[in-house]
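In: model the following, please.
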Amino acid sequence: MNDLAPLLTPEGRALLDQVRGTAPADELAVATRLRREHPAELVSAALGQARLRQRAVAKFGAEDAGRMFFTPNGVEQSTRASVAAYRAERFRALGVRSVADLCCGIGGDAIALARAGIRVLAVDRDPLTAAAARANADALGLADLIDVQEADVTEVDTATYDAVFVDPARRGGRGRIFDPEAYSPPLSWAVQAALKAPHAALKVAPGIPHEAVPEAAEAEWISDGGDVKEAVLWFGTAPGEVRATLLPGPRTLLGRGLPDPEVRSVGRYLYEPDGAVIRAHLVAEVAAEVEGGLVDPTIAYVTSNALVATPYATAYEITDQLPFNVKKLRAVLREREVGILTVKKRGSAVEPEELRRKALPKAQGPHSATVFLTRVAGAPTMLIGAPATAVTGAGAS
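Out: Okay, here's the model as predicted:
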């Protein structure tokens, strides 16, 4: 698929309606039937688009995904709608009324910004991607707020806009790109573009080294439903501030510059911080909140004898602490009549599925348990427990 134009015609749109929801196993039969009345290339394009729309439901929801147009890279690299909406709301709260969205992709962020009432210049140099962004603005009734331009973002004048948003390409021919200077455009260029605007946000990979964050930026790590999605460098907000934001919510934990928590023996409860908290290096803030310490100086598990409600970590009540030994684990699980085993690891080379297969060769009972493969004071250790359901996840900001 290298041209969206045929799908935007009345015939193309009618075909898209006909193939909506086609299961992969039925594609051949559907294609054979439709090719009797429509060009083969158009039928193939419609089925390909239907497949992309099905993949996009996880990011955009069924209603929007069923109306939008996608490219394979666009589905893979676009921002999840919930994250884009959160960022758009931050822009709106800053008083931003216009944004230059550079490297706009298929328009996910531009859509969220427009829905927040913000006027958007959406720019992408790839013709097909720009066409998809333009089609999406029209399909969702946002064309009056989104001006899509096919251009090199490095040549775009953003002086008349309240803010700049840059989402550099972080994938190449060999997969993900980890060096920020290998982004397209490079992070250094994006930072310079950000510094020229009253406000700016740069979307970067969540694994960005903290030392690569410019002094003028606020760094925010965002998770959605417990999965870390991205990091954002904000300009014109709070230079040097570090935060972890959890969606839905949002709930935001601000860094306080706390020293590393002390190492303690394993207490009654184990807290597993949210991934955004770990990426933001804010485990110390969680430890302070739950009156805890670390089980090991190199492991982001917090232990405490207090059960404290926090949205920033999941609490487990620990019943057993054992040196790593599969036979001992199997014996404990058999004694407890455990039939459902969740395996988590941090600081262990053991694969969870392999351990589950060896320790629980078959369902042994009606109970469930969670085992943490980790290190305690440097020693390979198994911690057995279960979620502490008394933690309500009461909000904080």
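
In: T129 and N73 touch, don't they?
Out: Yes: taking Cβ atoms under 8 Å as the contact criterion, T129 and N73 are neighbours in contact, 7.5 Å apart. Where C-beta positions appear, they are placed from N, C-alpha and C, glycine not excepted.

In: who's more crowded, those two?
Out: T129 (23 against 16; other Cβ atoms under 10 Å).

In: residues contacting that one?
Out: By Cβ atoms under 8 Å, 6 or more residues apart in numbering, the contact list for T129 reads T71, N73, G74, C104, G105, I106.

In: repeat that for P168.
Out: Going by Cβ under 8 Å, 6+ apart, P168 touches C103, Y183, S184, P185, P186, L187, A190, L202, K203, V204.

In: for the first one, which non-adjacent residue is closest in space?
Out: With Cβ to Cβ, 6 or more residues apart in numbering as the criterion, C103 has its nearest non-adjacent residue at 4.8 Å, and that residue is D167.

In: wait, R13 sits on L7?
Out: Yes: counting by Cβ under 8 Å, a contact exists between R13 and L7, whose distance comes to 7.1 Å.

In: who's more crowded, these two?
Out: L7 (19 against 13).

In: what does the helix or strand harbouring A201 contact?
Out: Using DSSP states H and E, A201 sits in strand 199-204. Contacts of strand 199-204 from elsewhere in the structure, counted by Cβ under 8 Å, 6+ apart, are 79, 87, 90-91, 94, 96, 162-168, 170, 180, 183, 187, 190-191, 193-194, 217, 230-237.

In: what touches both of T129 and N73?
Out: Common contact partners of T129 and N73 (Cβ under 8 Å, 6+ apart): G105.

In: quick check on the residue positioned nearest the centre of the chain: phi, psi?
Out: Nearest to the mean C-alpha position of the chain, by Cα atoms, centre = their mean, lies K229 at 1.7 Å. Comment: the main-chain dihedrals of K229 come out as phi -100, psi -40, following degrees, to the nearest 10.

In: so which of the contacts of P168 sit within strands?
Out: When DSSP state E defines the strands, the subset of those inside them is L202, K203, V204.

In: tell me how many other residues surround E289.
Out: E289 has 19 neighbours, counted by other Cβ under 10 Å.

In: so it sits against P311, correct?
Out: No: using Cβ under 8 Å, E289 and P311 do not qualify as a contacting pair, with a distance of 10.0 Å.

In: quick one on the thing from earlier: I'd like the contacts of T129 laid out as CSV, including pLDDT.
Out: CSV is the format used below for the contacts of T129 (pLDDT from 0 to 100):
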residue, pLDDT
T71, 93
N73, 88
G74, 90
C104, 96
G105, 95
I106, 96
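
In: mind checking which of these land in helices?
Out: Of the positions in those, N73, G74 sit in helices, assigned by DSSP state H.

In: is it fair to say V96 lies in a strand?
Out: No: assigned with DSSP: H, G, I helix; E, B strand; the rest coil, V96 falls outside any strand and is coil.

In: how close does it sit to D124?
Out: From V96 over to D124 the distance is 21 Å, taken as Cβ to Cβ, to the nearest Å.

In: which one's more surrounded, these two?
Out: Neighbours were tallied for V96 and for D124 using other Cβ under 10 Å; the higher tally belongs to D124 (29 against 25).

In: hmm, the more buried one is touching A133, no?
Out: Yes: in this structure, D124 sits in contact with A133. The criterion is Cβ under 8 Å, and the distance is 6.4 Å.

In: need the residues touching each of these two.
Out: Taking Cβ under 8 Å, 6+ apart as the contact rule, D124 and A133 both touch C104, G105, V148.

In: ok, the residue nearest to D162 when sequence neighbours are not counted - contacts?
Out: Take D162 and drop its neighbours on the chain: the residue closest to it by Cβ to Cβ, 6+ apart is V96, 4.4 Å away. V96 is in contact with I118, D162, A163, H199, counting by Cβ under 8 Å, 6+ apart.
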